[in-house]
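Participant: sequence first, predicted model second:
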Amino acid sequence: MASLTITSTRGDTKTVEGTAGLSVMEIIRKAGFDDLQALCGGSCACATCHVHVHPDDFARVGPANEDEDDLLDSSNERTPTSRLSCQIPFGPALDGLRVTVAKEG
Amino acid sequence: MPGQPGAARFDVLVVGAGHAGAHLAMSLRQLGFRGTVALLGDEPDWPYERPPLSKDYLAGAKPFEALLLKEPEYWALKDIAVLRGRRVVSVDPTAHEVRTGDGAALGYGVLAWCAGGVPRRLPCAGSHLAGVHTVRTRADVDLMREELATAARVAVVGGGYIGLEAASVLTEMGKAVTVIEMQDRVLARVAGEPVSRFYEAEHRARGVQVMLNTVVSRIEERDGRAGGVRLGDGTVLPADMVVAGIGIVPAVQPLLDAGAAGGNGVEVDACCRTSLPDIYAVGDCAAHRNRFADGGSVRVESVQNAVDQAFVAARAITGAPAPYDAVPWFWSNQYDLRLQTVGLSAGHDAVVVRGEPAARSFSVIYLRRSAVVALDCVNATRDYVQGKALVAGALVVEPARLADTTQPLKALAAAGRA
C-alpha cells in the first residue's frame, strides 16, 4: 500500500492510504477534505482541484499536461509545483506524496 | 435527537441532494453553522454528481462509487442528516413545515429548495413505453445499461448536450445511433451555428445519423415496448431503445402551490431568497436575474450555478449575505472533443470564429452590442481560460482582433475596454 499526505487550505494534515487506480483528486475527496471542490469531477474542465505538490516530490509527479497548464493559469495561487489533482493517477510510485490543497482564486 | 434522521424539525432543511443541495449543506458547516441540518433527496443513493451520467458512467468507464460527492461517513462527521428516498410533496410556509410523500411532516427554520428538475417527457403517444429513457438519475442510466446489452439501434430524441453526449457514448459502444432534432441544427438552444455545424459533422463522421427539422409523432410499440419512432412525415425509424434528451421541467410545484412567485422555476433575489419567508432556492430550479444574461431572469442548469448559488444561500442563511454574481461556465465531453463554455450566449447579436473548426481546435466568441458575452471553446482550453476576463468585464474588442489567433486573448483582455 502507498500513502499520501494531504494538507488542507487551513493547514490541517492527514495521511491516508491511497488506492492505486484512483486520481489524487479522488483520494483527497474520499478523505473528506471539503476545501477541494473538484467541480467537474475529474474531466480537466475546470481548475477547482488545484494542489501544490511538495517541491521534493514534484519530480516523481511530473509537470502538468498542456490543457491542465492552461487551466492552472486561471489561478492566482499558481506556483511552480502546481498541478490539477484529477490529472495525477496515484500508484505505488507516488508513495509518500505530499500535496497541499490550493486556495481558490 | 437533533441532526438525526427521523427528527421532526431541522434548523435548515435542504430539499434536493444533487450538487446544489449537497454543497449548500457543506457550505453551512464550512461557514461555521452549528444548527441542525438535513439534506433530503428522493433517490436511494448518497449525494452524487450527475454530469458523468451521460458520459463516463453511461460508458461504464466509472463505477458509481466514483460519482459520490463525499464518502457516506462524511455526512455523519459533519452532523448533516441525509434523508434518502424521500420527496417533499407540499410546503406550509406559515407553519414552517413540509410534508413528504410518505405522509410525514418535517419542520424547518429555513427551507433551502434545491430540487432541480425532472426530465421533460416526450409529448407524444408511446412515451411511457418500456425502452424509452431519460438521463437524469443513476437509476435511469442503470436501466439503460441493462437494456443496452440487447439493443443495437438507438434513437436519441433531442440534439442538446445530453442527447449528443449520450449519442457519442452509444456510438463508441458500437450502437447504430440516430439523433432526431426538431430545430434546423443541433445545440440550437445553447450555442451558435458554427458550433452546431461542427458537432453535427463530428457525429456524422462517426456514423451517427443526424435528422434535423424532424419531429417525433409517436413511439411505436413492439412486443410491449418501444420498437421504433414514427416521425412527422409518417415514416417509422426502427429502434430498440429511445433516449429523450429534451430538457428538464423545474421541480418547484410544491413551492408554487404554497404561493411562491415563479412559473418556469421559482423566482429568487440576488441572495437566493424566494418570495416566501425563510425559503431559499438554488440551482437548476432557481430563476434569478443574471448579469451575464443582460440582467434578464434565467435559470442556469449547471454545476457552476448550483455550487456558487449554494454558497450564496449559505452565506445569507448564516447572516453574511453577499449577492450572486459568478461568471457562468459549462463543459461537455463528446468523443475526443472537450467543449468548455464561459458566459451565456443567448441573445448575442454577432459571432466571431477564432481558429479553424477543421483543425478540431477553435473557439466561437459571442458578442452583444459589441461586448464579449460568451465563448464556446472546442479543444481550446487556453481561450477558455483567457476569455473569462473578456466575459467578466463585458469587454468591447474588435472582431478582427478576436479572430486573430496570433494574439492571445489575454493580451486583448488587457487592452479591451468595458
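Facilitator: Cool, got the structure. Please read all numbers here as calculations on a predicted model, not as lab measurements.
Participant: name the nearest residue to residue B:44, ignoring sequence neighbours.
Facilitator: Spatially, and ignoring its direct neighbours in sequence, residue B:44 is nearest to residue B:85 (4.8 Å; CB to CB, 6 or more residues apart in numbering or on different chains). From N, CA and C alone the C-beta is placed, and that goes for glycine too.
Participant: thought that neighbour was touching residue B:40?
Facilitator: No - with contact defined as CB atoms under 8 Å, residue B:85 does not reach residue B:40; the gap is 9.4 Å.
Participant: who has more neighbours, those two?
Facilitator: The neighbour comparison of residue B:85 against residue B:40 (other CB atoms under 10 Å in any protein chain shown) goes to residue B:40, with 25 against 13.
Participant: ok, the residue most central in space within chain A to residue A:53 distance?
Facilitator: Per CA atoms, centre = their mean, the C-alpha nearest to the average position across chain A is that of residue A:85, at 3.0 Å. To residue A:53, residue A:85 is 9 Å away according to CB to CB, to the nearest Å.
Participant: swap in residue B:94?
Facilitator: For residue B:94, the distance to residue A:53 - CB to CB - is 55 Å.
Participant: neighbour count winner among these two?
Facilitator: residue A:53 (24 against 10).
Participant: backbone phi and psi for the more buried one, please?
Facilitator: Main-chain dihedrals, residue A:53, degrees, to the nearest 10: phi -80, psi 140.
Participant: ok, residue B:287 next?
Facilitator: Main-chain dihedrals, residue B:287, degrees, to the nearest 10: phi -90, psi 120.
Participant: what's the local residue count around residue A:21?
Facilitator: 9.
Participant: show me the contacts for the residue nearest to residue B:44.
Facilitator: Residue B:85 sits next to B:41, B:42, B:43, B:44 when contact means CB atoms under 8 Å, 6 or more residues apart in numbering or on different chains.
Participant: any idea what residue B:266 is structurally, helix, strand or coil?
Facilitator: Recorded secondary structure, residue B:266: strand (DSSP: H, G, I helix; E, B strand; the rest coil).
Participant: how close does it get to chain A?
Facilitator: 24 Å (CB to the nearest CB, to the nearest Å).
Participant: quick one: contacts of the host helix or strand of residue B:168?
Facilitator: Assigned by DSSP states H and E, residue B:168 falls within helix B:161-172. For helix B:161-172, the surrounding residues in contact (CB under 8 Å, 6+ apart) are B:54-55, B:58-59, B:135, B:148, B:154, B:156-157, B:177, B:179, B:181, B:186-187, B:190, B:199, B:203, B:206-208, B:243, B:245-246, B:332-335.
Participant: please spell out the PyMOL selection for the buried subset of the residues you listed.
Facilitator: Buried residues among those (16 or more other CB atoms under 10 Å in any protein chain shown), as a PyMOL selection:
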select buried, chain B and resi 54+55+58+59+135+148+154+156+157+177+179+181+186+187+190+199+203+208+243+245+246+332+333+334+335
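Participant: what about the contacts of helix B:161-172, which are in strands?
Facilitator: Secondary structure from DSSP state E places B:154, B:156, B:157, B:177, B:179, B:243, B:332, B:333, B:334 of the contacts of helix B:161-172 in strands.
Participant: next up, the contacts around the fifth one.
Facilitator: Right, the one you point to is residue B:179. Counting by CB under 8 Å, 6+ apart, residue B:179 makes contact with B:156, B:158, B:159, B:163, B:164, B:167, B:186, B:203, B:208, B:209, B:210, B:211.
Participant: for the fourth one, same thing?
Facilitator: Contacts for residue B:177 (CB under 8 Å, 6+ apart) come out as B:153, B:154, B:155, B:156, B:167, B:170, B:171, B:207, B:208, B:209.
Participant: sorry, back to before: which residues are common contacts for residue A:85 and residue A:53?
Facilitator: With contacts taken as CB under 8 Å, 6+ apart, residue A:85 and residue A:53 have residue A:99 as neighbours in common.
Participant: on that earlier part again, pull out the buried positions in the helix holding residue B:168.
Facilitator: Judged by neighbour count using 16+ other CB under 10 Å, the buried positions of helix B:161-172 are B:161, B:162, B:163, B:164, B:165, B:166, B:167, B:168, B:169, B:170, B:171.
Participant: so how far is chain A from the closest residue to residue B:416 other than its chain neighbours?
Facilitator: Of all residues not flanking residue B:416 in the chain, residue B:395 sits nearest, at 3.4 Å (CB to CB, 6+ apart). Taking CB to the nearest CB as the measure, residue B:395 falls 17 Å from chain A.
Participant: residue B:395 contacts residue B:413, correct?
Facilitator: Yes - assessed by CB under 8 Å, residue B:395 is found in contact with residue B:413 at 6.5 Å.
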